[in-house]
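Q: Need coordinates for the following:
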Amino acid sequence: MVKHTKAAGVSAGVEDTIREAVAQLLRLDDPAAIAPGTTFLELGLDSLGAAELKSTLESRLGVRLATTAAFDHPTLESLAAHIKRERA
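A: Numbering: from 1, shown residues only. Take a look at the predicted model:
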């Protein structure tokens, strides 16, 4: 049996929020199809999209991010890890 901790729930919540925001911005049908290691650039995110993603994530997650966050942390995994560190 796997125990679900509050930290695991927060972790999944951050990744899900990022995945949903990216899918919405890029008009992707299935957010679950975004692999954690795929770069945002490979998915088609440009600088305007990165700025929009930053604003969306700040609003949804209550964090402050650099304008370059999607380029500094170019995958779902790395951006989620960065946001989790910032929230800790």
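
Q: ok, Ala51 - contacts?
A: Thr67 (C-beta atoms under 8 Å, 6 or more residues apart in numbering). From N, CA and C alone the C-beta is placed, and that goes for glycine too.

Q: hmm, try it at 10 Å
A: Thr67, Thr68, Ala69, Ala70 (C-beta atoms under 10 Å, 6 or more residues apart in numbering).

Q: Next step: those restricted to helices.
A: The helices, defined by DSSP state H, take in Ala69, Ala70 from the contacts of Ala51.

Q: The contacts of Ala51, buried ones only, as a ChimeraX selection?
A: Per 16 or more other C-beta atoms under 10 Å, the buried members of the contacts of Ala51 correspond to this ChimeraX selection:
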select :69,70
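
Q: of all the contacts of Ala51, which comes closest to Glu86?
A: Ala69 (9.7 Å; C-beta to C-beta).

Q: how close does the closest one get to Glu52?
A: 12 Å (C-beta to C-beta, to the nearest Å).

Q: Ser47: what's it in contact with?
A: Ser47 sits in contact with Thr67, Thr68, Ala70, Phe71, where contact means C-beta under 10 Å, 6+ apart.
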